[in-house]
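Q: Okay, predicted coordinates and the sequence, questions at the end:
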Amino acid sequence: MSGQLIVFETLFALLYAFLWRQAGPSLLEAAAIILVIGGVVWSMRQHGTPRELAKPVHS
C-alpha cells in the first residue's frame, strides 16, 4: 500500500506544478498520468479481498 501512496504523492506534485505553471499537462503527460492511475487501481483490485470472501457469514 505504501508504494501506491508514493505514486499518488508524485501525481499531486505534478498537479501542483501544473497549477504553478498555470498550464495543463501535454498529451503525453496526460497519457502517462492516466496509465499510472490505471496501474494503481489495477494493483489495488489484484490485492483486494474477493467479494465472495468479504460477505458476512450468517448462522
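A: All right, it came through fine. Numbers count the residues shown, from 1 in each chain.
Q: pLDDT (mean, whole number) over stretch 25-43?
A: For stretch 25-43, the mean pLDDT works out to 90.
Q: so how far is it off the chain centroid?
A: In terms of Cα atoms, centre = their mean, to the nearest Å, the centre of stretch 25-43 is found 8 Å from the chain centre.
Q: buried residues in that stretch?
A: Pro25, Ile33, Val40 (16 or more other Cβ atoms under 10 Å). The way it works is simple: take the backbone N, C-alpha and C, and place the C-beta from them, glycine included.
Q: Show me what that stretch is in contact with.
A: Gln4, Val7, Phe8, Thr10, Leu11, Leu14, Phe18, Gly24 (Cβ atoms under 8 Å, 6 or more residues apart in numbering).
Q: pLDDT score for the second one?
A: The confidence metric pLDDT takes the value 81 at Val7.
Q: what about it, how many neighbours?
A: Neighbourhood size, Val7 [other Cβ atoms under 10 Å]: 15.
Q: Contact partners for it?
A: Going by Cβ under 8 Å, 6+ apart, Val7 touches Val36, Gly39, Val40.
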